[in-house]
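Novice: A predicted structure for the sequence below; I have some questions about it.
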Amino acid sequence: MNRRSINFGAFAICVGLMAYALYLQHGTGLEPCPLCVFQRLAVIGLGAVFLVAALHNAGPTGARVYGLFVGLMALFGIGMAGRHVWLQHLPAEEVPACGPGLEYMLEELPLAQVLTKVFSGSGECADVDWVFLGLSMPMWVLVWFVVLGVAGVVNNFRGEAQF
């Protein structure tokens, strides 16, 4: 497979992940916590980089730049999902108290304070509302960020030789 095909395939996976997240939210009523919202933003950002890389079909230097951006977006997502997984594994007495919703915080607080509160997590982020094959949703998102990040960096840093 060539570099463009792999980038487009990774973009399609990101679209699928977002479609499923939106289905869970709007189809089943599973509301995302603030950390989930930031993980969604990271999936969208990662998908956007993959799409632009696929459409641009850059040369070797440009492809490495896309690989760098893929790696950075994946690391941001890994950080968000990793924090979420960590919160889910805290003992009940160490879970932070639930705070105001993300929409309220965005309306009332400066952005820096919102980001600080979201990254510190809240009690709602520690709830495990969905499990598949023994892994919670943030665990699956973490797996996908690692897989897509590694695949995207390797794909965009390699030569055009067949994989």
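Specialist: Nice, thanks for sending it over. Numbers count the residues shown, from 1 in each chain.
Novice: tell me which stretches of the chain form helices.
Specialist: For the chain, the helices defined by DSSP state H cover 3-28, 34-56, 60-88, 102-108, 111-120, 123-126, 137-157.
Novice: what is the longest one packed up against?
Specialist: Looking back up the chat, that one is helix 60-88. Here helix 60-88 touches helix 34-56, helix 123-126, helix 137-157, going by 3 or more Cβ pairs under 8 Å, 6 or more residues apart in numbering; DSSP states H and E. Where you see a C-beta, it was placed from the backbone N, CA and C, and this is true even at glycine.
Novice: ok so, going back, as CSV, the helices of the chain with mean pLDDT would be great.
Specialist: CSV is the format used below for the helices of the chain (pLDDT from 0 to 100):
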stretch, mean pLDDT
helix 3-28, 94
helix 34-56, 92
helix 60-88, 91
helix 102-108, 64
helix 111-120, 63
helix 123-126, 61
helix 137-157, 94
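Novice: same list (the ones you listed) but as a markdown table, adding mean neighbour count.
Specialist: Output for those, formatted as a markdown table (neighbours: other Cβ atoms under 10 Å):
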| stretch | mean neighbour count |
| --- | --- |
| helix 3-28 | 16 |
| helix 34-56 | 21 |
| helix 60-88 | 19 |
| helix 102-108 | 13 |
| helix 111-120 | 14 |
| helix 123-126 | 20 |
| helix 137-157 | 20 |
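Novice: tell me how far stretch 148-159 lies from the chain's centre.
Specialist: 17 Å (Cα atoms, centre = their mean, to the nearest Å).
Novice: can you tell me what sits against it?
Specialist: For stretch 148-159, the surrounding residues in contact (Cβ atoms under 8 Å, 6 or more residues apart in numbering) are 3, 6-7, 10, 13-14, 46, 49-50, 53, 60, 63-64, 66-68, 70-71, 73-75, 77-78, 163.
Novice: what's the closest non-adjacent residue to G67?
Specialist: In space, and not counting its chain neighbours, G67 is closest to N156: 3.1 Å by Cβ to Cβ, 6 or more residues apart in numbering.
Novice: so H56 touches G62, yeah?
Specialist: Yes - proximity of H56 to G62 meets the contact threshold set by Cβ atoms under 8 Å, at 6.7 Å.
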